[in-house]
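Colleague: please find the sequence and the predicted model below.
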Amino acid sequence: MATMIIRRLREYGNMDRYLIAIVLGSIMVLAEGCGSSRSLKPRNEICVSGTSPALIFAAAQKTLEEMYFDIEKADAETGYISTRPLPAAQLFELWRSDTVGAYNFAEANLHSVQKIVAITIQPKDGKSGIICEVKTQRLSLPQLEVNSATELPRLFTTSDTTLQRLNFKKNQRKQAQWIDADNDEILQAKILQKIEKRLKAL
């Protein structure tokens, strides 16, 4: 597949190695996302035995921090952790792991998306239940008035045909809002998988 893409690129002119590397890198990232999500079954809860709630809490908090989530609330007494909104990882942020699967990968690169994680640790049938909820939010922007096709890049922001900018007019900024979307079930499963792996290593 990569060979075919390179051949097609060369048909359109003198493509340098850098551009080809970008395209191939995009394919590799997308393929990695598809593969990793395929092995993850959607779930939002796991049960752990033989480990104290304090260790589970610490493992959950450390896992979120390593995934670049900023902790907003961490209450060890109630076993509750929540994060501040984190913009979803995009194409070239290869060091991040919060965008899982082809659909989420495409969404993160086409829309302004952010994720908020909440983890609850509570007793369940003599074990410790770990519940993970990942809320997805999309940015909704009011449209600006345009009078011709050349003004289409300025439909939502003060952009032009050569550069897209996320600059709002004052009245737009007041109307812009984050809209709740479906929970990210695959990321929930990935976070729980990481917590489980960390606990097994203790």
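Modeller: Received it, and whenever you're ready, just let me know what you need. Numbers count the residues shown, from 1 in each chain.

Colleague: what mean pLDDT does the biggest strand by length in the chain have?
Modeller: If you go by DSSP state E, the chain has its longest strand at strand 127-140. Mean pLDDT, strand 127-140: 95.

Colleague: and what of stretch 177-186?
Modeller: Here stretch 177-186 scores 92 as its mean pLDDT.

Colleague: re the thing from before, output the longest strand of the chain as CSV - backbone C-alpha positions only.
Modeller: Provided in CSV are the C-alpha atoms of strand 127-140 (Å, rounded to 0.1, in the frame of the first residue of the first chain):
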residue,chain,number,x,y,z
LYS,A,127,-13.4,-6.4,45.7
SER,A,128,-12.6,-2.9,44.5
GLY,A,129,-14.5,-1.7,41.5
ILE,A,130,-12.9,0.8,39.2
ILE,A,131,-15.3,2.8,37.0
CYS,A,132,-14.0,5.0,34.2
GLU,A,133,-16.0,7.5,32.3
VAL,A,134,-14.6,9.5,29.4
LYS,A,135,-16.8,12.4,28.2
THR,A,136,-16.2,13.7,24.7
GLN,A,137,-17.0,17.3,23.8
ARG,A,138,-17.0,19.1,20.4
LEU,A,139,-16.6,22.8,19.9
SER,A,140,-19.6,24.4,18.4
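
Colleague: adjacent strands (with direction) for that strand?
Modeller: Strands that pair with strand 127-140, judged by DSSP bridges, come out as strand 45-48 (antiparallel), strand 113-124 (antiparallel), strand 177-180 (antiparallel).

Colleague: residues in contact with the longest one?
Modeller: Pointing back at strand 113-124 there. Taking contacts as C-beta atoms under 8 Å, 6 or more residues apart in numbering, the residues outside strand 113-124 that touch it are 47, 53, 56-57, 60, 64, 69, 79-88, 98, 107, 128-139, 178, 181, 184, 187, 191. Every residue, glycine included, has its C-beta placed from N, CA and C.

Colleague: check which residues of it are buried.
Modeller: Within strand 113-124, the residues that count as buried by 16 or more other C-beta atoms under 10 Å are Val113, Gln114, Lys115, Ile116, Val117, Ile119, Thr120, Ile121.
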